[in-house]
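Visitor: Quick one: sequence plus predicted model below, questions after.
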Amino acid sequence: MVLDGPTFVATEGWDWIPAIRDRNTGIWQDVILSAAGQVKIGDPQVITTLPLPDTSRADVEIEIPLTNLSNESVQGSVTASFEQTTVTKNVTLPPGGSTVKLAPAEFAQLTVQHPGYGGQTAMQT
């Protein structure tokens, strides 16, 4: 499947297309953000810390900028999920801008054990 045109396939291993910085990084399939009411969700930042040389775990920290457009505090919850991990934090947002942080210190499941791309498979001929 050529989801992003022929250049997507070419950047997967061919050498005839010049490199485009950050071409194959980040989110590239559907992402759905929804908001209702007076709160505006900014661009979340995911920070992964790998305590090298130890590669048995990685800490994932998520920062979400939020803007409360009303003149009163607003209560709600922020939920983030990836693979089988889901965390939810109840928040009270004052008027104006603020940042919500989801960190391993508060959510133990944000310390991912044995991070990586999955297991390797052996090829038999």
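Guide: Sure thing, it's come through. Numbering: from 1, shown residues only.
Visitor: OK, contacts around the closest residue to Thr111 other than its chain neighbours?
Guide: Distances taken as C-beta to C-beta, 6 or more residues apart in numbering put Pro104 closest to Thr111, at 4.5 Å, once the chain neighbours are dropped. In this view, the C-beta of every residue, glycine as well, is placed from N, C-alpha and C. Pro104 makes contact with 59-61, 110-111, according to C-beta atoms under 8 Å, 6 or more residues apart in numbering.
Visitor: Need the phi and psi values for Pro104.
Guide: Torsion angles at Pro104 (phi, psi; degrees, to the nearest 10) stand at phi -60, psi -30.
Visitor: so what pLDDT did it get?
Guide: Pro104 is assigned 96 on the pLDDT scale.
Visitor: Which two among the contacts of Pro104 are spaced furthest apart?
Guide: Greatest spatial distance in these: Glu61 and Thr111, 10.3 Å, computed using C-beta to C-beta.
Visitor: residues near the spatially closest residue to Thr67 that is not a sequence neighbour, how many?
Guide: Nearest residue to Thr67, sequence neighbours excluded (C-beta to C-beta, 6+ apart): Lys40, at 4.2 Å. Residues lying near Lys40 (other C-beta atoms under 10 Å) number 12.
Visitor: Check Gln75 too.
Guide: As a burial measure, Gln75 scores 8 neighbours (other C-beta under 10 Å).
Visitor: can you pull the contacts of it?
Guide: Gln75 is in contact with 90-93, counting by C-beta under 8 Å, 6+ apart.
Visitor: Tell me if it really is in a helix.
Guide: No. Applying DSSP: H, G, I helix; E, B strand; the rest coil, one finds Gln75 to be strand, outside a helix.
Visitor: So which bits of the helix or strand harbouring Glu63 are buried?
Guide: Glu63 belongs to strand 57-68 when elements are defined using DSSP states H and E. Going by neighbour count (16 or more other C-beta atoms under 10 Å), the buried part of strand 57-68 is 58-62, 64, 66, 68.
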